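>>> Structure of the sequence below:
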Amino acid sequence: MAPNLLENLAQWNVQIALVAIAAAAVMHVLRIDAPVVRHAFWRLVLVTCLALPVLQPWRSSAIDPSVARMEELDAELPTGLGAASRLSASSPVLARVSTHIRANWRSYVGMFLAIGAILRLTWLLIGIHGLQRLRRSGERAPNDDEYDELVALIEAGAEIRRVPRLGQPVTFGVLRPAVLLPASFSALPAGVQRAVLAHELWHVRRCDWAWVLLEEGICALFWFNPAMWWLVSRVQSSREEVVDELTVQLTNARKTYMEALLAFADQPTLYPATPFARRRHLFHCMVLISTEAA
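This is a model prediction of the structure:
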């Protein structure tokens, strides 16, 4: 691994943390109520963090790695010559192993980071495969005038399917988007059904699942950085706020929509689909929905 690559990567992640802290402070001071503006703000912050190496180019090193290793070893000899000599005399193998580790620690750290990213991306692919299996296990929802009306109003072409083993409605798919509804969906009041389906169709109309895949890929690459995970969660949470607002404007039923959120808040979510309700965001969503935004 290049001598300065890890140093540049570490500085980049520190800068991401600083930008995230500054963005949180700005949002706290401005107290932006409009979900669309808040979502655009967090997306701009995320793009800025990803573009930091372009805004501030990384330092390159003209020193040969082998020369750098020799200089590191030479610098250690004057202070630790006695200890190194005793170690070499008592165990030459341990001395060579210790020297090798000191000379190649950057490669080991880089390998560790790469393995973590690969595992996270593999988990993402497994989740996508699981969603496809759920889609195939369900059956197409019967024709319903209410469903057709919402599809026409929102202009979202999506396949609506009923899945028995599903806890809450989810949406996924880019070229062939699908809205998966649990078997208990038909037992809900008509107003709640309309609110839930409108929410999911807005996700389809906005192509939100494509953005979710991109964000989850970013989380996979930055799996070791809590600041990046937090920024992505802000983007996804603000996206849900936008969809909540669009749904309430379409259905004109705030109370019914809050009942729909409560109906599915305790149900498990499916990764990496866009679930209808997340319990950790429920209180914030309820406050925003019940308050008229300026």
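
>>> residues contacting the spatially closest residue to Ala23 that is not a sequence neighbour?
Spatial nearest neighbour of Ala23, excluding adjacent residues (Cβ to Cβ, 6 or more residues apart in numbering): Val45 at 4.4 Å. Any C-beta I mention is one placed from the backbone N, CA and C, and that applies to glycine too. Val45 is in contact with 19-20, 23, 231, 234, counting by Cβ atoms under 8 Å, 6 or more residues apart in numbering.

>>> For Glu216, see how far away Val45 is.
Using Cβ to Cβ, to the nearest Å, Val45 is found at 18 Å from Glu216.

>>> And for Arg120?
From Arg120 to Glu216 the distance is 8 Å (Cβ to Cβ).

>>> out of the two, which sits in the more crowded spot?
Relative neighbour count places Glu216 above the other of Arg120 and Glu216, with 19 against 16, counting by other Cβ atoms under 10 Å.

>>> Shouldn't the more buried one be within a helix?
Yes: with DSSP: H, G, I helix; E, B strand; the rest coil as the criterion, Glu216 is part of a helix.

>>> Touching, it and Leu124? I think so.
Yes: using Cβ atoms under 8 Å, Glu216 is in contact with Leu124, at 5.4 Å.

>>> Need the overlap of contacts for the two.
Residues within reach of Glu216 and of Leu124 at once, by Cβ under 8 Å, 6+ apart, are Pro272.

>>> Helix or strand: which one has the closest residue to Arg206 other than its chain neighbours?
Nearest residue to Arg206 in three dimensions, chain neighbours excluded: Val243, at 7.3 Å (Cβ to Cβ, 6+ apart). In this assignment (DSSP states H and E), Val243 forms part of helix 226-251.

>>> need the next SSE after that helix, C-terminal direction.
helix 254-264.

>>> Now do that following helix: which elements does it pack against?
On a contact count with 3 or more Cβ pairs under 8 Å, 6 or more residues apart in numbering; DSSP states H and E, helix 254-264 meets helix 190-205, helix 226-251, helix 279-290.

>>> Could I get the ones you listed in CSV, plus columns for distance to Val151 and mean pLDDT?
Putting the helices and strands packed on helix 254-264 into CSV (distance: least, Cβ to Cβ, whole Å; pLDDT from 0 to 100) gives the following:
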stretch, distance to Val151, mean pLDDT
helix 190-205, 6, 88
helix 226-251, 12, 91
helix 279-290, 23, 63
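
>>> of all those, which lies closest to Pro164?
In terms of Cβ to Cβ, the element of the helices and strands packed on helix 254-264 nearest to Pro164 is helix 190-205, at 17.2 Å.

>>> Would you mark the buried spots in that closest one?
Neighbour-count burial for helix 190-205 flags 192-205 (criterion: 16 or more other Cβ atoms under 10 Å).

>>> and it, how far out from the chain's middle?
Its chain's C-alpha centre and that of helix 190-205 lie 23 Å apart, by Cα atoms, centre = their mean, to the nearest Å.

>>> now swap in stretch 50-58 and tell me
In terms of Cα atoms, centre = their mean, the centre of stretch 50-58 is found 21 Å from the chain centre.

>>> hang on, the earlier thing: if you rank the contacts of Val45 by neighbours, which is first?
Most surrounded of the contacts of Val45: other Cβ under 10 Å gives Leu231, at 28 neighbours.

>>> which secondary structure elements does the helix or strand hosting Leu150 contact?
Under the criterion of DSSP H and E, Leu150 resides in helix 145-154. Applying 3+ Cβ pairs under 8 Å, 6+ apart, one finds that helix 145-154 contacts helix 190-205.

>>> Tell me the buried residues in stretch 36-44?
So for stretch 36-44, counting by 16+ other Cβ under 10 Å, buried means 38-39, 41-43.

>>> of those, closest to Val170?
Nearest member of the buried residues of stretch 36-44 to Val170, counting by Cβ to Cβ, is His39, at 20.2 Å.

>>> so the closest one is in which element?
helix 35-50.

>>> and that helix, what's its mean pLDDT?
The predicted model gives helix 35-50 an average pLDDT of 94.
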